[in-house]
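1. need a structure here:
(one chain, ligands or ions: 2)
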Amino acid sequence: MEETPRLPPNALTRQEVQKPFVNIVVIGHVDAGKSTMTGHLVYLQGAIEPGTVRRLGKEAEMMGKASYRYAWIMDKLKSERQRGISIDSKLRRFDSNYYHVNIIDAPGHRDYVHNMITGASQADVALLIVSAEKGEFESGVRKRGQTRDHLQLAYTVGVKQLIIAVNKLDTTDPPYSQARYDFCVEKTLLLAKKCGYDADTVICLPISAFHGENLTKPSDKMPWFKQWMVQRFSGSASGKTLLDAIDNIDPPIRIEELPLRIPVHSVYKLGIQLFREVVDEGQTGDNVGLQLEGVDLNDIKRGDVCGDAYDDPPQKVEHFTAQILVLNHPGYIKKGYTPVIQCHTTMVSCKVVDIRERTDRRSGETAEDFPVSLSTGQIGVVDLVPTRPVCVECFFDYPTLGRIVVRDMKQTVAVGVIIHIEGRTMLRDNLKRENTDWSAISNWMSMNLRTMSGKISRRTMLASRHSTRLSLRTPMDGTRPKTRPKTRKHRDPTRSGVERTMTDHRASLYDRQDLAIRPQRQPWGARTFTTLSGKLETEL
Ligand code: GTP
Ligand code: MG
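-> Ligands and ions are numbered 1, 2, ... in the order given. This is a model prediction of the structure:
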């Protein structure tokens, strides 16, 4: 993902503003106006100089694509501009009144859904853009439309706050039609509910991204729109514009206490990325760029995970068990089926080696031991073997690294959570072998990553799942932290989920409306859990 160039000189850095931060992913069907909305909003909030926008406007006009002037703020690749679609997720920053916002513009085209998933896995809030234009709305919400697909995926990767913006209201008949807006909201909310969202907490509002209506200032074109209002755990909130909606986001829950985990999004040689705000520490939820020394560019790839070398470093996983809900499979999922699994930023083919059980959707009890197959609508527990070792985690240990999406033939086949992992290779032996010369600056390299848990500072010693020992830019005198490696026992899968989660500091995470956890006897003697949402169970 491309990182924001430096904020304009008058913009304050995060440390100066002292605002809380939030990551928003912009999702929706192709051509709904996601990039136009993001570009225009970022511009209105002063994070882009007016000169740049004027220049882009001229360039777009010359290419005969004047309507893409704001989208081009986000879409910078030649192929994106020629085709008029976004390909990768891109990150921009701006300040709302209350938050320091990282906004991630995801691609809508179905060929690039994997990039959308990576973008969504880094977000706290989803902003769904639907086009009110005749025909466009309908194609987004139909069975294979991306409005539906993206909602499901965002929910699955753990984005539980949702804002729905109905866009292109200038194109309706009559322009800015209330009837069309109401129609679009009703249909979209229904979909959101099916995917597990609680309709009372979803903010819905009308906008025109291109004309900048109702983005940051109330629009006089839509006098019928009085306000949006939501009821949440934290109380009720109301407002009128999209910016109000962003200001009223519930502060995201972040798991600071856990050991560090940062999945790598992209890797490149230093030099490409010229500007960045230099900080001393990254917290959970931050999108950070790291400069590393002593590592080869080819040693690290998207999908790798960095962690603290002295505190439960990430490990390779060669075999894991997941509980999945089959959403959409034309036939049956049987042993030997090898779909692509997406988890945080990684994408890997995994073979189903065993189906341990079929779970009853209502009671969460085992409905059938070792069934031959699973079909659409069923929940089951499957053993998966990735074609190459990956770094994933058990959902109960690191929720953000334990959610999976099963994809095949460009469609989401199933979603689920990892409930047990096997074949974790400990890195500790490798850690003894120091292959980094701490004082020498060699092989500088940068990465873009999002801290999923824990904190990172300049003195953190990183270990990636590739047994290479990495270091964050250490002090030039070559001193090292004095901490001894902590031994953290691998968590015992036979412990009851209830016992653990009730006593656990993360309990609050699971208490929230999305997860119902029930302990359950398994045929092989261990205990495991049912974690799919009650809503998904009853409504899908
Ligand atoms: P992908 O990233 O490819 O999924 O598309 P996108 O959702 O980012 O859409 P994009 O912003 O590229 O806009 C697609 C087209 O819709 C462009 O021609 C925009 O000018 C147009 N568009 C976006 N918002 C509005 C709007 O509010 N009104 C009108 N009339 N057109 C709009
Ligand atoms: Mg786009």
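2. now residue 352, nearest residue through space, not along the chain?
-> residue 337 (4.6 Å; C-beta to C-beta, 6 or more residues apart in numbering). Quick note: C-beta positions are derived from backbone N, CA and C, even for glycine.
3. One more: residue 114?
-> residue 347 is the one closest to residue 114 (C-beta to C-beta, 6+ apart), at 5.8 Å.
4. got the residues of the stretch 51-200 of the chain near ligand 2?
-> residue 86 (C-beta under 5 Å from the ion).
5. Tell me where the stretch 51-200 of the chain has helices.
-> 71-74, 78-83, 113-120, 136-141, 146-156, 178-195 (DSSP state H, counting those that start in this stretch).
6. Now the longest one: buried residues?
-> By neighbour count on 16 or more other C-beta atoms under 10 Å, the buried set for helix 178-195 is 180, 181, 184, 185, 187, 188, 189, 191, 192, 194, 195.
7. Any chance of TSV for those residues, columns pLDDT and distance to residue 109?
-> Shown next, in TSV, are these (pLDDT from 0 to 100; distance: C-beta to C-beta, whole Å):
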residue	pLDDT	distance to residue 109
180	96	25
181	96	26
184	96	21
185	97	24
187	95	22
188	96	20
189	96	24
191	93	19
192	93	21
194	87	23
195	83	20
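8. Reformat those residues into TSV and put distance to residue 23 next to each item.
-> TSV is the format used below for the buried residues of helix 178-195 (distance: C-beta to C-beta, whole Å):
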residue	distance to residue 23
180	31
181	28
184	26
185	25
187	27
188	22
189	23
191	23
192	19
194	25
195	20
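9. Look up how far residue 80 lies from the residue in the stretch 401-540 of the chain positioned nearest to ligand 2.
-> Distances between the stretch 401-540 of the chain and ligand 2 by C-beta to the ion are smallest at residue 410, namely 18.3 Å. Distance, residue 410 to residue 80, by C-beta to C-beta, to the nearest Å: 19 Å.
10. more crowded one of the two?
-> residue 80 (20 against 12; other C-beta atoms under 10 Å).
11. Could I get the pLDDT score of the more buried one?
-> Note for residue 80: predicted pLDDT of 91.
12. hang on, it packs against residue 89?
-> No - at 12.0 Å, residue 80 does not count as touching residue 89 under the criterion of C-beta atoms under 8 Å.
13. residues in contact with whichever strand or helix holds residue 236?
-> Counting by DSSP states H and E, the element that carries residue 236 is strand 235-239. Outside strand 235-239, the residues that touch it by C-beta atoms under 8 Å, 6 or more residues apart in numbering are 227, 228, 229, 230, 245, 247, 248.
14. Please report how far whatever residue of the chain ends up closest to ligand 1 lies from residue 31.
-> Nearest residue of the chain to ligand 1 (C-beta to the nearest ligand atom) works out as residue 108 at 2.5 Å. From residue 108 across to residue 31, the span is 7 Å (C-beta to C-beta).
15. Mind listing the shared neighbours of these two?
-> With C-beta under 8 Å, 6+ apart as the test, residue 108 and residue 31 both reach residue 85.
16. what comes up buried for stretch 315-332?
-> 315-317, 319-329.
17. farthest pair in those?
-> 315 and 328 (32.3 Å; C-beta to C-beta).
18. How about the secondary structure of residue 253?
-> Assigned with DSSP: H, G, I helix; E, B strand; the rest coil, residue 253 falls in the coil class.
19. rewinding a little: just the ones of the contacts of strand 235-239 in strands?
-> Per DSSP state E, strands hold the following members of the contacts of strand 235-239: 228, 229, 230.
20. which of those count as buried?
-> Buried among the ones in strands among the contacts of strand 235-239 (16+ other C-beta under 10 Å): 228, 230.
21. Mind listing residues that contact stretch 351-361?
-> 319, 321, 323, 333-338, 365-374, 378-385, 387, 520, 522-524, 530, 537-538.
22. Mind doing that once more with 6 Å?
-> 335, 337-338, 366-369, 371, 378-383, 385, 537 (C-beta atoms under 6 Å, 6 or more residues apart in numbering).
23. for those residues, which one is nearest residue 143?
-> Of the contacts of stretch 351-361, the one sitting nearest to residue 143 (C-beta to C-beta) turns out to be residue 378, at 19.1 Å.
24. Give me the sheet partners of whatever helix or strand residue 349 lives in and which way each runs.
-> Using DSSP H and E, residue 349 falls within strand 346-359. Strand 346-359 has the following strand partners under DSSP bridges: strand 340-343 (antiparallel), strand 366-369 (antiparallel), strand 379-386 (antiparallel).
25. ok, and for the second one, which residues are buried?
-> Of all the residues in strand 366-369, those buried under the rule 16+ other C-beta under 10 Å are 366, 367.
26. Give me the distance between the helix or strand following that strand and the centre of its chain.
-> Downstream of strand 366-369, the next assigned helix or strand under DSSP H and E is strand 373-374. Centroid separation for strand 373-374 versus its chain: 29 Å, with C-alpha atoms, centre = their mean, to the nearest Å.
27. Now do the domain split for the protein, please.
-> 15-247, 320-421 (automatic domain parsing).
28. What mean pLDDT does the last one get?
-> To tie it back to what came earlier, the one meant is domain 320-421. Domain 320-421 comes out at a mean pLDDT of 87.
29. first to last residue in that domain, what's the distance?
-> One end of domain 320-421 sits 4 Å from the other (C-alpha to C-alpha, to the nearest Å).
30. Please state the offset of that domain from the chain centre?
-> With C-alpha atoms, centre = their mean, you get 19 Å for domain 320-421.
31. What backbone torsions are found at the residue nearest the centre of the chain?
-> Geometric centre of the chain, nearest residue: residue 121, 1.5 Å, by C-alpha atoms, centre = their mean. With angles defined as degrees, to the nearest 10, residue 121 sits at phi -70, psi -10.
32. so who does the residue nearest to it when sequence neighbours are not counted touch?
-> Nearest residue to residue 121 in three dimensions, chain neighbours excluded: residue 157, at 4.7 Å (C-beta to C-beta, 6+ apart). Counting by C-beta under 6 Å, 6+ apart, residue 157 touches 120, 121, 403.
33. List just the nearest of the residues you listed to residue 127.
-> For the contacts of residue 157, the nearest to residue 127 is residue 120 (11.0 Å; C-beta to C-beta).
34. shouldn't that closest one be in contact with residue 25?
-> Yes - if you go by C-beta atoms under 6 Å, residue 120 and residue 25 touch, sitting 4.8 Å apart.
35. Neighbour count: the two, which is higher?
-> residue 25 (29 against 26).
36. Quick check: which element contains that one?
-> strand 21-27.
37. Understood, closing this out.
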